[in-house]
Structure formats: C-alpha cells, structure tokens
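Visitor: Show me the folded form of this:
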Amino acid sequence: MINSYADLDDAGVAIAAARAGADVVHTLYGRRLTRIDKGAGDFATAADVEAEKAILDVIRAARPDDAVLGEEGGQQGAADAVRQWLVDPLCGTLNYAVGNMLVAVNVALRDGAAAVADPFSGEVFFTDGETARVRQNGGDAQLAPTPATQLVDVNLDPPFPGAPGFRAVDLLAHPGFVERFRPRVVSTTLALAWVAAGKRAAYVTDGGDLSGSVHFAAGIAVCRAAGCVVTGIDGGPIGQAGRGLVVAADAETHGLLMSMIRSRSQNRT
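Guide: A predicted model of the protein is given here:
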C-alpha cells in the first residue's frame with residue numbers, strides 16, 4: 001500500500017497525507033492525552049505528534065527527496081530545497097483537547113498542491129495548484145466560493161503584531177460589520193477552506209508573513225485555486241512584505257472588509 005504512494009501526483013500525495021493525519025486525529029479523539037508544553041500558553045498533544053508521523057510516512061514514501069517543515073518536528077531536509085512540504089498535523093489543538101471537533105489537518109507543497117482535511121466530517125479540500133475541489137464519500141466536487149452566508153471568521157488568537165493600528169477585535173465592533181456580516185470564531189484554519197467552499201464569506205487574521213506558515217499555507221492555496229480574493233490586512237499581496245490575511249469569497253466582500261479595517265486603523269492614528 002505504501003509503495004503505491006509513489007504513483008500519485010502531488011495533489012494525490014497531499015490528500016493521502018492529510019487523510020492519514022486525519023485518521024489519527026479521529027481515532028485519538030476523546031482520549032486522555034498528554035500535553036506537551038511549547039511555552040506562552042501553547043501546547044501539543046500526542047495526537048499532534050502521532051498525526052505528523054503518519055503524514056510524514058506518506059510523504060517520505062511518495063517523495064523521499066522532498067524536504068518537510070512540520071509544526072511538531074521542525075525542518076527535515078534542506079531548508080532551501082526546491083520542493084518543501086508544510087505540515088500542520090492538528091490545527092485547533094486547544095479545541096481538540098477540550099473535546100471540540102473544530103480542527104483541521106493541513107498539508108501543502110510550497111507553491112503547489114495542498115489539502116485541508118476535516119477529521120470528523122470526512123471532507124478533504126484540495127488543490128492541484130490550479131483547480132480546487134472537495135472530496136467526500138468517494139466523490140469530488142468543485143469548490144464554489146460565495147458570500148451568501150454572510151459569516152466571517154475572525155481569528156482572535158494572539159499574537160497581535162498589527163496592534164494598535166489593527167486589532168481584529170475592533171472589526172467586530174465596526175457598525176458596518178454588524179450591519180452586513182455575522183462574526184464567527186472557530187480558532188482553526190479549517191475556516192479558510194470553508195471560504196473556498198462557500199460555508200464562510202470571509203476570514204480575517206492578524207499576523208506576519210503567513211504565506212509560508214504551516215498553519216495557513218494549505219488553506220491559502222485552496223482559496224486561491226477556488227478564486228477567492230487573498231491579501232494581507234493592508235490589502236497588498238501576502239508574502240515577505242505582507243502581514244496578516246484577509247480572504248474573501250468575492251471582490252465586493254473583500255472591499256467592504258478592507259474599508260472597515262482601514263477606517264478602524266485610521267481612527268487609531
């Protein structure tokens with residue numbers, strides 16, 4: 001079975017790896033798991049570690065020469081390798097540790113294929129770098145972003161490098177926001193995939209350069225391939241010069257959010 005991974009294309013590898021991690025996360029759910037302190041209130045569990053091992057087993061079998069950057073295991077292989085996989089085996093660890101099923105398993109080839117798996121719904125949102133689809137119950141369907149839900153996920157987890165100019169919590173108090181949108185805070189990048197799938201109108205988070213983040217890379221790739229508008233909180237391209245993330249189902253929603261973000265920032269200067 002493991003040898004068959006080598007016959008998969010990159011999207012197939014991303015899907016297989018994300019599913020392997022999701023299987024571990026699902027299996028260990030509800031058990032009393034040892035917490036591994038990472039400092040500043042952050043921690044991992046045995047599920048994070050075991051899920052990453054399962055993901056790495058797939059990648060190593062399929063692409064033994066590729067480098068990997070894992071949330072738990074760090075850099076494996078050359079950091080400047082032409083091909084590098086970004087792995088977040090359990091995004092939403094605190095949710096998971098308290099019995100909340102809102103978590104994601106993220107696997108992305110830098111600047112290439114990516115997959116975001118929901119261990120509990122069985123959905124795998126994926127891209128080959130050009131198109132974006134969701135796989136469930138043995139079938140694939142094209143992802144179709146839409147702002148129809150009017151639900152916007154706002155990440156309120158620290159750190160807040162944009163403060164005081166930008167604070168995500170201020171967006172929730174903007175009169176225009178409450179008139180047009182309804183906030184959600186799920187504290188997992190599964191919400192990014194939901195924008196691509198039409199389950200959310202947008203996603204907003206503070207942060208630095210998130211384009212190469214193990215937490216965000218897979219979701220960003222899926223959203224871009226689905227046709228979402230993807231920028232930093234300043235409206236510019238994400239990358240080394242960018243910071244934070246605003247992902248919207250369409251240009252109108254993105255424009256509305258950017259106008260609110262800018263107005264709150266201007267009021268603080």
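
Visitor: how about stretch 54-68: buried residues?
Guide: A54, I55, L56, V58, I59, R60, A61, A62, R63, D66, A67, V68 (16 or more other C-beta atoms under 10 Å). Placement of C-beta: from N, CA and C, glycine included.

Visitor: same question, stretch 109-125
Guide: Within stretch 109-125, the residues that qualify as buried are 109-110, 112-119, 123-125, counting by 16+ other C-beta under 10 Å.

Visitor: nearest to T205, of these?
Guide: Each of these was checked against T205 using C-beta to C-beta; the closest is V116, at 15.4 Å.

Visitor: just checking, the closest one touches T127?
Guide: No - assessed by C-beta atoms under 8 Å, V116 is found out of contact with T127, at 9.4 Å.

Visitor: Mutual contacts of those two, please.
Guide: Shared contacts of V116 and T127, defined by C-beta atoms under 8 Å, 6 or more residues apart in numbering, are found at V222.

Visitor: Please compute how far stretch 110-125 lies from its chain's middle.
Guide: Relative to its chain's centre, stretch 110-125 lies at 9 Å (C-alpha atoms, centre = their mean, to the nearest Å).

Visitor: Then stretch 66-74?
Guide: On the basis of C-alpha atoms, centre = their mean, stretch 66-74 sits 16 Å off its chain's mean C-alpha point.

Visitor: how about the buried residues of stretch 109-125 in a markdown table, adding pLDDT and secondary structure?
Guide: Output for the buried residues of stretch 109-125, formatted as a markdown table (pLDDT from 0 to 100; DSSP: H, G, I helix; E, B strand; the rest coil):
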| residue | pLDDT | secondary structure |
| --- | --- | --- |
| L109 | 98 | strand |
| R110 | 95 | coil |
| G112 | 97 | coil |
| A113 | 98 | coil |
| A114 | 98 | strand |
| A115 | 98 | strand |
| V116 | 98 | strand |
| A117 | 98 | strand |
| D118 | 98 | coil |
| P119 | 98 | coil |
| E123 | 98 | coil |
| V124 | 98 | strand |
| F125 | 98 | strand |
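
Visitor: what's in contact with the lowest-mean-pLDDT helix or strand in the chain?
Guide: When the helices and strands of the chain are scored by mean pLDDT, DSSP states H and E, strand 35-39 comes last with a mean of 78. The contact list for strand 35-39, computed with C-beta under 8 Å, 6+ apart, reads F43, A44, T45, A46, D48, V49, A97.

Visitor: Tell me who's in contact with A117.
Guide: By C-beta under 8 Å, 6+ apart, A117 lies in contact with I15, A18, R19, G21, A22, A104, V105, V107, E123, V124, F125.

Visitor: how far away is the last one from F181?
Guide: Read that as F125. 22 Å (C-beta to C-beta, to the nearest Å).

Visitor: and if you look at the third one?
Guide: When C-beta to C-beta is applied, the distance between R19 and F181 equals 33 Å.

Visitor: what's the helix or strand for P237?
Guide: Following DSSP states H and E, there is no helix or strand that holds P237.

Visitor: tell me the contacts of it?
Guide: So P237 contacts T231 (C-beta under 8 Å, 6+ apart).

Visitor: any idea of the pLDDT on it?
Guide: P237 is assigned 90 on the pLDDT scale.
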